[in-house]
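Mind looking at a prediction? Sequence and model below.
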Amino acid sequence: RDMAKHKTNIHQHVQRTPLALAALAALGLAAAPAYAGIVSSGQINVDPSSGTVGPLFVGTSAPGSVTVNGGSSLTAERMVLAGQKTGNGSVTVSGAGSSMLVTFTNNANNIDVGGEGVGSLSVLDGGSFVYGGQGTPCQTNCRIFVTNAAGSQGSLLVGGSAGAIMAQRVEMTKMPELVA
């Protein structure tokens, strides 16, 4: 009986210490799935969590990523993924109601997916990505360049249930070798 009482007291004491509470809270946060909102990590020039940013540069010279999910929306003036040779940048828009709009502000604002490094843009499971929304002067100037420089690598993935990308043009500027 004394052993059972002792274990209960230790258990109650551990639960009440600030360090234990902090550890439990950290474990709870670490275990929680990132399914709601705009999540970013690594090298990003601005915090996109507000939902509206100016130019968005992800993974310019080091790894960086942005995920839009849980029905969230992100609007950016411009987007470059992996702008330098050492860069590795990715953007994922995933889930019904999740969307990203990159506005068109002038003729120099193409989207680079793998500008000079390794970049990826994924639109999955009902997410949507629009470049140059209604009322913008896109015409033929809203272009998404995938692998924009010698030595760069880019990928564009649209998958899952009804993911969609809308742009005037998507250009694969460096085609990979096809292996049979």
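Now that the structure is in, tell me what you want to look at.

Give me the helices and strands touching the helix or strand containing residue 74, please.
Per DSSP states H and E, residue 74 falls inside strand 73-81. On a contact count with 3 or more Cβ pairs under 8 Å, 6 or more residues apart in numbering; DSSP states H and E, strand 73-81 meets strand 52-58, strand 88-94, strand 99-102, strand 111-113, strand 118-124. The way it works is simple: take the backbone N, C-alpha and C, and place the C-beta from them, glycine included.

what's next to that strand, contact-wise?
38, 48, 51-60, 66, 68, 87, 89-91, 93, 98-103, 105, 109, 111-115, 119-121, 154 (Cβ atoms under 8 Å, 6 or more residues apart in numbering).

Which one, of the helices and strands packed on strand 73-81, ends up nearest to residue 169?
Residue 169 lies closest, by Cβ to Cβ, to one member of the helices and strands packed on strand 73-81: strand 111-113, at 10.5 Å.

Can you give me the end-to-end span of stretch 50-61?
24 Å (Cα to Cα, to the nearest Å).

Repeat that for stretch 78-96.
23 Å.

Quick one: mean pLDDT over it.
Stretch 78-96 shows a mean pLDDT of 94.

what's the answer for stretch 44-62, then?
Stretch 44-62 comes out at a mean pLDDT of 95.

what sits up against that stretch?
With Cβ under 8 Å, 6+ apart as the criterion, stretch 44-62 contacts 37-38, 40, 42-43, 64-66, 72-84, 86-91, 102, 117-119.

What residues of it count as buried?
44, 48, 53, 56, 57, 58, 59, 60, 61 (16 or more other Cβ atoms under 10 Å).
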